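**Student:** how would this look folded up:
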Amino acid sequence: MRIPHPVRAACLAALALACATAPPESQRFLTLETTHFAIVSSLGPEQTRALAVDLERFHAGVVFALGLHAPKDAKTLRTRVYAFDDRSFARPFEVHGDPGYFLDTVAEPVLVLRTGGGFREDATLELRHLYAHQVFRSLWPGRAPLWYEEGLCQLASTLELRGDSILVGLPRADHLAALRDWSVHSVAPVIEAQERIDRSPRDREEFAAESWILAHYLRLGPGAAQKRPLLRYARLLDGGADSRTAARSAFGTEDEELASALNDYVRGRSLPGLTVDAQSLGDPQASAPKELSRAASRVALGELALALGRAETGEDLFRGALAKQPEDARANSGVAVAARLQGRWQEALLLHERALAAAPEDPRILRDLAATRITQAAAESGEAREHYVELARDPLEHSLALDPASAEAHAMWAETSLLLGRDLDGGLEHAAAARAVRPASLELELLEARVRAKRGEIGAARDAAIDVASRTHDSETAAQALAFLAELPPSG
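**Tutor:** Residues are numbered from 1 along each chain as shown. This is a model prediction of the structure:
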């Protein structure tokens, strides 16, 4: 019997209600740290341990695919990972409907896995791709040729974990579609490209596809395992050779011959891949999972909401934490940040004071106060601006004394120098210190460019802004870089 429409709708609504999960703030969270990740998870102890292993194996696979190695004395900045089930009706952490996504904040890179499937189900192709860029820029000193970084990171984006194996080199359907009618007589335009600004989305997609197939061929194609052309190319670049000279020497073939080989490679029936035993890349180490209190869970989620720019959601979560622990310093500071983002200055300052009274030596809470003062300074001019900058620098100085490796605090100090228009040597020193902590951050590269421009180093500032606009996959960062370029006076 056919159900009448209103009744059928009610039944469907009831079914949806039954299938909906509890909102994230009602879930039980654990924390766990590995060598490269700091995990906040509601997946339960066993699944969280499995997630930790998957993440470390993925990281090792990315490093392997890129053909790079971390220096033995390199300091590791952990990527923060949120893993939970956000399929409740409100879905407060949804971004474009994706099950997972990547955030590049100044403080730290963040991975969000939000449908309860862990890494293997929730880590999208784009998440893997952007994480690969983070790893590449953290390990590669200076600026690599555009095609080299993009091609290898596109290659790393297809990594898959299957059982105890890592699959490298799986085909990318989008790139193969873009290369369906591809026929080139020269790969020099790809290898020698130095900027990709003012390009259409289609041009950028074609460049990504061409870089991917070139990296795939040189990393996994015929003879690559024996000749290791990309390793030779990297060593020549490190020795000072330009991209064209390094390519000619390392690849052992003329440009036209390489183009012909690539044409045949694309049209082949299948692309070669590689299966790596995950255990051969190292044994993942992880701490024991620790359960977070309800208040601490809400604070962690509130911080994610602020990273997404969702001040109202963050405020609700922080206030939920305060309902359970009224003197929680991080929760009070979180509400202060949310209030500041919504323009409620006086309330924000009162909450900052309350947070600092509870935790006067917490560098993060000190940075939160400094950020509010910097925002106040930016809205003023003259003596009022100088007053608020000085008020910002006091907690910043204290924060840096407690946590000298904070990229966020160093970046804030550089911002104060820009606001004052003086102390630019100190501003540049702090901008460089921030980049030393987070070499993968294009936002920090652009900040350093702004300081250099203020110092009159127009050429260096322009080069950095072009680099940022050419490499970023974030439309907002690209727009900021292009706007900055447009403001620069002619060099020379």
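**Student:** rest of the way, CA atoms for contacts and neighbours
**Tutor:** Fine.
**Student:** the stretch 201-350 of the chain: helices as residue ranges?
**Tutor:** Counting by DSSP state H, counting those that start in this stretch, the stretch 201-350 of the chain has helices at residues 201-220, 224-227, 229-238, 243-251, 255-267, 294-307, 311-324, 329-341, 345-358.
**Student:** quick check, distance from the fifth one to the centre of its chain.
**Tutor:** If I follow you right, that is helix 255-267. 34 Å (CA atoms, centre = their mean, to the nearest Å).
**Student:** per-residue pLDDT, Met1?
**Tutor:** Looking at Met1, its pLDDT is 35.
**Student:** sorry, wrong one. I was asking about Leu77.
**Tutor:** 88.
**Student:** from memory it sits against Thr34, does it?
**Tutor:** No - here Leu77 does not reach Thr34: they are 11.1 Å apart, not a contact under CA atoms under 8 Å.
**Student:** element containing the nearest residue to Asp255 once chain neighbours are set aside, please.
**Tutor:** Of all residues not flanking Asp255 in the chain, Ser186 sits nearest, at 5.8 Å (CA to CA, 6 or more residues apart in numbering). Under DSSP states H and E, no helix or strand contains Ser186.
**Student:** measure Ser186 to Arg393 for me?
**Tutor:** 54 Å (CA to CA, to the nearest Å).
**Student:** who's more crowded, these two?
**Tutor:** Arg393 (21 against 16; other CA atoms under 10 Å).
**Student:** would the more buried one count as being in a strand?
**Tutor:** No - using DSSP: H, G, I helix; E, B strand; the rest coil, the assignment for Arg393 is helix, not a strand.
**Student:** that one and Trp413 touch, don't they?
**Tutor:** Yes - using CA under 8 Å, Arg393 is in contact with Trp413, at 7.1 Å.
**Student:** quick one: low-confidence parts of this protein?
**Tutor:** The chain contains residues with pLDDT under 70 at 1-20, 72-74, 491-492.
**Student:** same thing but at 50, please
**Tutor:** For the chain, the stretches flagged by pLDDT under 50 are 1-19.
**Student:** just the strands in it please.
**Tutor:** 30-33, 37-41, 79-83, 100-104, 109-113, 160-162, 165-168, 274-277, 290-291 (DSSP state E).
**Student:** report the angle between the second one and strand 109-113.
**Tutor:** In this structure, strand 37-41 runs at an angle of 30 degrees to strand 109-113, with axes from the mean of the first three to the mean of the last three CA atoms, to 10 degrees as the basis.
**Student:** against Ala209, how distant is Trp182?
**Tutor:** For Trp182, the distance to Ala209 - CA to CA - is 10 Å.
**Student:** and what of Pro222?
**Tutor:** Going from Pro222 to Ala209 by CA to CA gives 19 Å.
**Student:** neighbour-wise, which of those two wins?
**Tutor:** For the pair Pro222 and Ala209, the greater number of neighbours falls to Ala209 (23 against 13), based on other CA under 10 Å.
**Student:** list the contacts for that one?
**Tutor:** Taking CA atoms under 8 Å, 6 or more residues apart in numbering, we find Ala209 in contact with Gly151, His175, Leu176, Ala178, Leu179.
**Student:** just the buried ones from these?
**Tutor:** Neighbour-count burial (16 or more other CA atoms under 10 Å) applied to these gives Gly151, His175, Leu176, Ala178, Leu179.
**Student:** can you count the residues close to Leu152?
**Tutor:** Residues lying near Leu152 (other CA under 10 Å) number 27.
**Student:** surely it meets Ala65?
**Tutor:** Yes - applying CA under 8 Å, one finds Leu152 in contact with Ala65, separated by 7.2 Å.
**Student:** quickly list the domain ranges of the chain.
**Tutor:** Per the record, the chain has its domains at 25-281, 294-360, 361-492, by automatic domain parsing.
**Student:** would you format these as a markdown table with distance to Ser287 included?
**Tutor:** Listed next are the domains of the chain as a markdown table, based on distance: least, CA to CA, whole Å:
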| stretch | distance to Ser287 |
| --- | --- |
| domain 25-281 | 5 |
| domain 294-360 | 18 |
| domain 361-492 | 23 |
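**Student:** among those domains, which is nearest Ala288?
**Tutor:** Smallest distance to Ala288 across the domains of the chain (CA to CA): 6.3 Å, for domain 25-281.
**Student:** roughly how far out does the closest one sit from the chain middle?
**Tutor:** Relative to the mean C-alpha coordinate of its chain, domain 25-281 is positioned 13 Å out (CA atoms, centre = their mean).
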